[in-house]
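Peer 1: A structural model of the following input is requested.
(2 chains)
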Number of protein chains: 2
Amino acid sequence: MLSWVDGQPADGLPLADRGLAYGDGLFETIAVRQGRPTLFEAHLARLSAGCVRLGLPYDEGLIKTELQAFSTLLGEGVAKLILTRGDGRRGYAAPQPATPRRILSGSPLPCYPEAHAEQGVRLFPCATRLAEQPLLAGLKHLNRLEQVLARSEWSDERCAEGLMRDSQGRAIEAVFSNLFLVSKEALLTPSLERCGVAGVMRSVLLEQAAALGVAVAVRDISYAELLAADEVFVCNSVYGIWPVRHLEQQSWPVGPVTRKLQSIARTLLEVR
Amino acid sequence: MLSWVDGQPADGLPLADRGLAYGDGLFETIAVRQGRPTLFEAHLARLSAGCVRLGLPYDEGLIKTELQAFSTLLGEGVAKLILTRGDGRRGYAAPQPATPRRILSGSPLPCYPEAHAEQGVRLFPCATRLAEQPLLAGLKHLNRLEQVLARSEWSDERCAEGLMRDSQGRAIEAVFSNLFLVSKEALLTPSLERCGVAGVMRSVLLEQAAALGVAVAVRDISYAELLAADEVFVCNSVYGIWPVRHLEQQSWPVGPVTRKLQSIARTLLEVR
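Peer 2: Residues are numbered from 1 along each chain as shown, chains lettered A, B, ... in the order given. Have a look, this model is predicted:
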């Protein structure tokens, strides 16, 4: 499969990379259609914000040009960009200045069943709780053992995704998706100030819903409030939106706000 | 520098490794003296326990043999073993079964100033707090962004280490060391049930102190209790023990329990 390291075709990286040693880096997973990265500006904006938080030098021009060239070659698929702090010596102290490493790898667009988008999905209620770390909350960084543990909790294919809560039991996100609910015609999504990944599709949908005149709120959401919602859906920047139909004993219909936003998400993930 | 991947000389690893993608793995940092790994059984025991927690297959015989052979070649230095879940496809779900990857790299023994051990050190009071995640607490896993952030907080060389607290302000550990205090002739070290790395030197010292008849306790320790201690020291399996002399406005002498255990640690890190 297509892969580049620092702009050159490569299939390996040096053992001294701090991405391996400490998860010291960030990543973006971008759907590529007809040779072009989708939701490109939103992905770049999140990566840039993550670099500020981690103190990683960020060369937007270089990354943009490289992702565009990579996407042209990939054609259709998923481009994953990993940006690490580059090589380091033993010890947590980062080299000053650091020389970040750009790792690009391509894979086919995932083949999820059509039914996930059309009829909706069941969420597995993960026991793995997200720890509260405000300094890292929202970032798509490389420290993802919580997601690995959560994803290992179920193998039942009837569950397409898993719900993750924080240590207080608040609903936060799904393992590889963000979570939304519709309650009294308002669109709600959990605050990610303490934990969770601030997904690109999430941020775009918040903007789109506001532009449509839908009331939007980002705040803490208890598990009880989630269960009592009128509509629930999950989203990410690769598959768009999946309505959530079932979680434990609770069931939801596929509601009108979900369908409206799903149609918008589909358009955003097409070539324009 | 000497490095092996899965028992063969190599200086790179495949981009598909889950250690890079998610920090999905563990590591051990072992002082090697005269061709032999020190505190070897304790390192292997911790690695084995970590593999159980992460659901990683663990081949003790293979790892032991490989570390011994690597140490023979290294002679004097630090052998770092990274054990990852091996290659994966895109997504958090781990391959079943996983084929772990063993990454060994050697580096020289660090040249810390003699004064750290003799006169003691100052700790920097890190603002970065450790998040509470009982599922990962104690493990020396590859998700180490908290340590990276904490270590980036100071560059003043007068601080040899940094104190890390949890979100409640409890004293937990130092950035690359464990923390002990002596209070009313008892040896205390923070509980690592919610966060922190359960260091090999820490576990060995707990055993040694108990064998000496010193009262030992592992429990929550508030910052105030730390400041009020009679003696404070930090330890790890490479440098042994450094007495702590200063933290913010507080000062401590180098006490007799610290000196006694320091002498034991030194012996443990010598070739026997």
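Peer 1: could you chop chain A up by domain?
Peer 2: According to automatic domain parsing, chain A comprises the domains A:3-107, A:114-268.
Peer 1: so who does the residue in the stretch 151-272 of chain A that chain B sits nearest to touch?
Peer 2: Evaluated by CB to the nearest CB, the stretch 151-272 of chain A has residue A:151 as its residue closest to chain B, separated by 3.9 Å. For every residue, glycine as well, the C-beta is placed using N, CA and C. Residues in contact with residue A:151, defined by CB atoms under 8 Å, 6 or more residues apart in numbering or on different chains, are A:162, A:175-176, B:91-94.
Peer 1: number of nearby residues for the closest residue to it other than its chain neighbours?
Peer 2: Spatial nearest neighbour of residue A:151, chain neighbours left out: residue B:92 (3.9 Å); criterion: CB to CB, 6 or more residues apart in numbering or on different chains. Neighbours of residue B:92 under the rule other CB atoms under 10 Å in any protein chain shown: 21.
Peer 1: is it true that residue B:92 touches residue B:22?
Peer 2: Yes. Between residue B:92 and residue B:22 there is a contact under CB atoms under 8 Å: 6.9 Å.
Peer 1: common neighbours of these two, please.
Peer 2: A:144, A:147-148.
Peer 1: against chain B, which of those residues make the cut? List them.
Peer 2: Contacts with chain B within these, as defined by CB under 8 Å from any CB of the partner chain: A:144, A:147-148.
Peer 1: and those residues as a markdown table, adding neighbour count?
Peer 2: Shown next, in a markdown table, are these (neighbours: other CB atoms under 10 Å in any protein chain shown):
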| residue | neighbour count |
| --- | --- |
| A:144 | 24 |
| A:147 | 24 |
| A:148 | 24 |
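Peer 1: ok, now how distant is residue A:125 from chain B?
Peer 2: Distance, residue A:125 to chain B, by CB to the nearest CB, to the nearest Å: 16 Å.
Peer 1: go on, residue A:140?
Peer 2: Taking CB to the nearest CB, one finds residue A:140 at 11 Å from chain B.
Peer 1: does that residue touch residue A:197 like I think?
Peer 2: Yes. Counting by CB under 8 Å, residue A:140 touches residue A:197, with 5.2 Å between them.
Peer 1: these two - which one has more neighbours?
Peer 2: Neighbour comparison, residue A:140 and residue A:197: the larger count goes to residue A:197, with 24 against 18 (by other CB under 10 Å).
Peer 1: show me the contacts for that one.
Peer 2: By CB under 8 Å, 6+ apart, the neighbours of residue A:197 are A:138-140, A:173, A:178.
Peer 1: give me the beta-bridge partners of it?
Peer 2: Residues in a beta bridge with residue A:197, per DSSP bridges, are residue A:138.
Peer 1: which one is the residue nearest in space to the middle of chain A nearest to, not counting chain neighbours?
Peer 2: Closest to where the C-alpha atoms of chain A average out (CA atoms, centre = their mean) is residue A:199, at 4.2 Å. Distances taken as CB to CB, 6+ apart put residue A:178 closest to residue A:199, at 4.2 Å, once the chain neighbours are dropped.
Peer 1: distance from stretch A:255-272 to the middle of the chain?
Peer 2: 17 Å (CA atoms, centre = their mean, to the nearest Å).
Peer 1: list the buried residues for that stretch?
Peer 2: Buried residues in stretch A:255-272, counted by 16 or more other CB atoms under 10 Å in any protein chain shown: A:255, A:257-258, A:261-262, A:264-265, A:268-269.
Peer 1: please convert the residues you listed to a markdown table, extending it with secondary structure and pLDDT.
Peer 2: Formatted as a markdown table, the buried residues of stretch A:255-272 follow (DSSP: H, G, I helix; E, B strand; the rest coil; pLDDT from 0 to 100):
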| residue | secondary structure | pLDDT |
| --- | --- | --- |
| A:255 | coil | 97 |
| A:257 | helix | 97 |
| A:258 | helix | 98 |
| A:261 | helix | 98 |
| A:262 | helix | 98 |
| A:264 | helix | 97 |
| A:265 | helix | 97 |
| A:268 | helix | 95 |
| A:269 | coil | 95 |
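Peer 1: helices along chain A, start to end?
Peer 2: Using DSSP state H, the helices of chain A run over residues A:18-22, A:40-54, A:60-74, A:114-118, A:145-151, A:200-211, A:223-227, A:256-268.
Peer 1: pull the fifth one out as PDB, backbone CA atoms only.
Peer 2: Backbone C-alpha positions of helix A:145-151 (Å, rounded to 0.1, in the frame of the first residue of the first chain) are rendered in PDB as follows:
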ATOM      1  CA  LEU A 145      -4.800   2.700  24.800                       C
ATOM      2  CA  GLU A 146      -8.200   3.600  26.200                       C
ATOM      3  CA  GLN A 147      -9.700   3.100  22.700                       C
ATOM      4  CA  VAL A 148      -7.800  -0.100  22.200                       C
ATOM      5  CA  LEU A 149      -9.100  -1.500  25.500                       C
ATOM      6  CA  ALA A 150     -12.600  -0.300  24.800                       C
ATOM      7  CA  ARG A 151     -12.600  -1.800  21.300                       C
END
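Peer 1: show me the shaky parts of the stretch 151-272 of chain A.
Peer 2: Low-confidence segments of the stretch 151-272 of chain A (pLDDT under 70): A:271-272.
Peer 1: mind running it again at 90?
Peer 2: Applying pLDDT under 90 to the stretch 151-272 of chain A picks out residues A:270-272.
Peer 1: so which residues on it come close to chain B?
Peer 2: A:151-152, A:167, A:175-176.
Peer 1: most surrounded residue in these?
Peer 2: That'd be residue A:175 among these, by other CB under 10 Å, with 26 neighbours.
Peer 1: need phi/psi at it.
Peer 2: Phi and psi for residue A:175, reported as degrees, to the nearest 10, are phi -60, psi -40.
Peer 1: give the contact list for it.
Peer 2: Taking CB under 8 Å, 6+ apart, one finds A:126, A:147, A:150-151, A:161-162, A:164, B:92 in contact with residue A:175.
Peer 1: 10 Å - rerun?
Peer 2: Residues in contact with residue A:175 (CB atoms under 10 Å, 6 or more residues apart in numbering or on different chains) are A:123-124, A:126, A:128, A:144, A:146-151, A:153-154, A:161-164, A:197, A:234, B:91-93.
Peer 1: now the strands: where do they sit in the stretch 51-200 of chain A?
Peer 2: Assigned by DSSP state E, counting those that start in this stretch, the strands in the stretch 51-200 of chain A fall at A:77-84, A:101-107, A:121-130, A:159-166, A:171-174, A:178-183, A:186-190.
Peer 1: and of those, who's closest to residue B:36?
Peer 2: Closest to residue B:36 of these is strand A:77-84 (CB to CB; 33.2 Å).
Peer 1: helices or strands up against that closest one?
Peer 2: Here strand A:77-84 touches strand A:3-5, helix A:18-22, strand A:25-33, helix A:40-54, helix A:60-74, strand A:101-107, helix B:18-22, going by 3 or more CB pairs under 10 Å, 6 or more residues apart in numbering or on different chains; DSSP states H and E.
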